[in-house]
Every structure is written in structure tokens, then in C-alpha cells.
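>>> mind looking at a prediction? Sequence and model below.
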Amino acid sequence: EIAEHKQAEESLSRLQTAVNQAIEGVVIFDMDGRIEFANPAWAAMHGYRVEELVGRHLNLFQTTEQMETSGGPFDDLVIQTGWNKGEVWHVRKDGTTFPLQMITTLLKDERGRPAGFVGMAMDITESRQAKEQLLASEKRFRSLAENLPLGISLMNRDFTFEYFNPSFTGIFGYTGEDLPDLKAWLEKAFPDPFSRGQSVSVWGDDLHDRVHPRSSAESIMTVSCKDGKKRDIVGRSVVLGDGRHLVAYQDITEYRKLEAQLRQSQKMEAIGTLAGGIAHDFNNILGIIVGFAELALMDIPDHSKAKV
């Protein structure tokens, strides 16, 4: 019996040590909201010492508005279901607010009656800031992409398309509903199997090797648009750090037409230059022939039939 008692004390001591050293905040409070226990992590994230919290009411960490909109309803759900999990906002000792991811469990006595609550919380300020920065970055990207004259597509690691900008639809006529994934794009844009095989190079030699970002690749391709017309496109592709695939499409159809017209014009100019040179040389030869003929006529008597 003494050994069992000692073992129980050791287990309780280890549990106390584990809770006190946990990086998550742990708090125990009674049914009236009075704090019975708070570990150092809970106290520190709120800007208090542990001894300042025992006996204080839980509303110490919440504004009146928070108690009405989150604190009260949160605890009511714990009583109804036995536990609750969610994001809540607390107030530090200095008056600043911060977000917490919190799990609260209902404690019961030996008879199964509600006796209090135990809450575990993690300060998610940094992760929330990172999320907000990511959202802001994505918002800037979308704002830029929406106004670019280049077509833009963003493909996920599973080869489903996440985004097409308006210029993409303007160039090709396809929308997100038309192109759920890479397979659909290849089949519609390159209906000929041979050209389809060649076009894959714009996404890299190995579409399955997408773990590490790689430098951008460029390819020129002829794409079949939704209206049946074909357009000459320069595709520039890059794998992003998170494995998503970004491709920019530049329509060079008109440029190639102008290029062909320029080549034709240059050919005609060359032919004209050649013809002009030949005519000039011919005129020189003809002038010599006429000159000799006139000199020959001067030696012929006037009554000769050769002058007639």
C-alpha cells in the first residue's frame, strides 16, 4: 500500500512537471469561472506571473464584447457537448489582444456532475500574421495578374488548374470550367497528338519531377483556341517554391504575320534591286551598241542603201 501510494505521488509529480513545462497554456477554472490553476505558459502568454492568476476570474482575459460574442457561447457549448475547440481572442495584461487556438474540456466529479473546466491554448499570433501576409501576397499577385496583357495559368501539384487570368480567356477563349486540369488543356489546345507531345516541353521534360523549383523554360507553340482558330504563342513556364506551376502566355500571332510580310517585302526589294542593276547594265551595253552604229553610219555614203 505504501509502495502504491509512493507510485501515485511520483505519477502525480511527473504530471505536474509535464504540465508546468508544456509550451501550450493550460488553465483550470471552476463553474463560476474562477481560476484554480494556470501553468507558466498560460501566464506568460497573457503577460502575468502564475501567482497573479489563481483566484482571479477568467473574464480577466476578455473584453465585455468578447464575453458576449465568443467567451460565453464558447463555454455554453462546452457544457452542452463536453468540449469545444476554436479560435478565441484574449486580452494581455498590457491591454493588447491576441488570437488563441483553444480546446476546452468539461471536468466532472465522481458523480458525473460538472465541476469545472480545463483549457489548453496555443498563441497563434505568428501563424495568423504569416497567413495574413500570404493572403496579402496572393491578393497582390491576383491584382497584377488580372491586369497583365499576358495570359496566366496557375496549376497545382496534382495538375488541376487553380487560376486563369482574364487575358488567358481573352487569348484562347477557354475558362476554368473548360479546363479543370492539364489533360483537358492539352487535349483542347493541341488536338493533334504529335503537336500535343511537343507542347508538353513547356511544362518541363518531366512533369512529375516537381519537388524543387527550377529556372523558367520557354517554348513556342501553336494553340487551337475555343473558336477553332489557331494562335502562335510563346509560353514561359516556372515551378514555384510550393510546387505549383505558373505559365505565362504571349500571343505572337500578329507579330509573326508582320514578320512574314516583312520577309516578303525584303524579298521584293531584293528582286527590285537585282532587276534595276540588270537594267542599268543592259542600258550601258545598249548605249555602246548604238554609239558604234552611229559611227558606222557616218562612214557609209549618202546614196548607199544601208542608210535607208
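Sure, I can see it. Numbers count the residues shown, from 1 in each chain.

>>> give the contact list for residue 191.
Taking C-beta atoms under 8 Å, 6 or more residues apart in numbering as the definition of contact, the neighbours of residue 191 are residue 224. Any C-beta I mention is one placed from the backbone N, CA and C, and that applies to glycine too.

>>> need the three-state assignment for it.
Using DSSP: H, G, I helix; E, B strand; the rest coil, the secondary structure recorded for residue 191 is coil.

>>> do you know the pLDDT at it?
The pLDDT attached to residue 191 in the predicted structure is 89.

>>> so where's the protein shaky on pLDDT?
Low-confidence regions of the chain, defined by pLDDT under 70, span residues 1-5, 68-75, 198-217, 260, 265-266, 268-308.

>>> mind listing the strands for it?
With DSSP state E as the criterion, the chain has strands at 25-29, 35-38, 83-91, 97-108, 114-123, 151-155, 161-164, 217-224, 230-239, 245-251.

>>> what about the residue lying closest to residue 105 once chain neighbours are set aside, how many residues close to it?
Of all residues not flanking residue 105 in the chain, residue 83 sits nearest, at 4.6 Å (C-beta to C-beta, 6 or more residues apart in numbering). Applying other C-beta atoms under 10 Å, we find 13 other residues in the vicinity of residue 83.

>>> with residue 108 instead?
Other residues near residue 108 number 12, with proximity taken as other C-beta under 10 Å.

>>> ok, now which ones touch it?
114, 115.

>>> look up phi and psi at the closest residue to residue 243 other than its chain neighbours.
In this structure, residue 243 finds its nearest non-sequential neighbour in residue 157, 4.3 Å apart by C-beta to C-beta, 6+ apart. The phi/psi pair for residue 157 (degrees, to the nearest 10) reads phi -70, psi -20.

>>> just checking, residue 48 touches residue 93?
Yes. Using C-beta atoms under 8 Å, residue 48 and residue 93 qualify as a contacting pair, with a distance of 5.5 Å.

>>> in terms of neighbours, single out the busier of those two.
residue 48 (17 against 13).

>>> which residues touch the more buried one?
residue 93.

>>> from residue 61, how far off is it?
Look at residue 48 and residue 61: by C-beta to C-beta, to the nearest Å, they are 9 Å apart.

>>> swap in residue 85?
Between residue 85 and residue 61 the computed distance is 18 Å (C-beta to C-beta).

>>> which one's more surrounded, the two?
Residue environment comparison for residue 85 versus residue 61 gives the larger neighbour count to residue 61, 26 against 13, counting by other C-beta under 10 Å.

>>> count of neighbours near the closest residue to the more buried one other than its chain neighbours?
Nearest-residue entry for residue 61: residue 90, 4.2 Å, with adjacent residues in sequence omitted and distances by C-beta to C-beta, 6+ apart. Other residues near residue 90 number 23, with proximity taken as other C-beta under 10 Å.

>>> bridging across strands, which residues link to residue 90?
Counting by DSSP bridges, residue 90 is bridged to residue 98.

>>> tell me if I'm right that it and residue 63 touch.
No. Under the criterion of C-beta under 8 Å, residue 90 makes no contact with residue 63, lying 9.4 Å away.

>>> any common contacting residues for these two?
Listed as contacting both residue 90 and residue 63 by C-beta under 8 Å, 6+ apart are residue 97.

>>> any idea how many residues pack against residue 32?
Around residue 32 sit 8 other residues, with neighbours defined as other C-beta under 10 Å.

>>> any idea how far the closest residue to it other than its chain neighbours lies from residue 67?
Using C-beta to C-beta, 6+ apart and skipping the chain neighbours, the partner closest in space to residue 32 is residue 57 (7.9 Å). Going from residue 57 to residue 67 by C-beta to C-beta gives 10 Å.

>>> okay, these two: which has more neighbours?
Summary of the neighbour comparison: residue 57 and residue 67, criterion other C-beta under 10 Å, with residue 67 having more neighbours (17 against 12).
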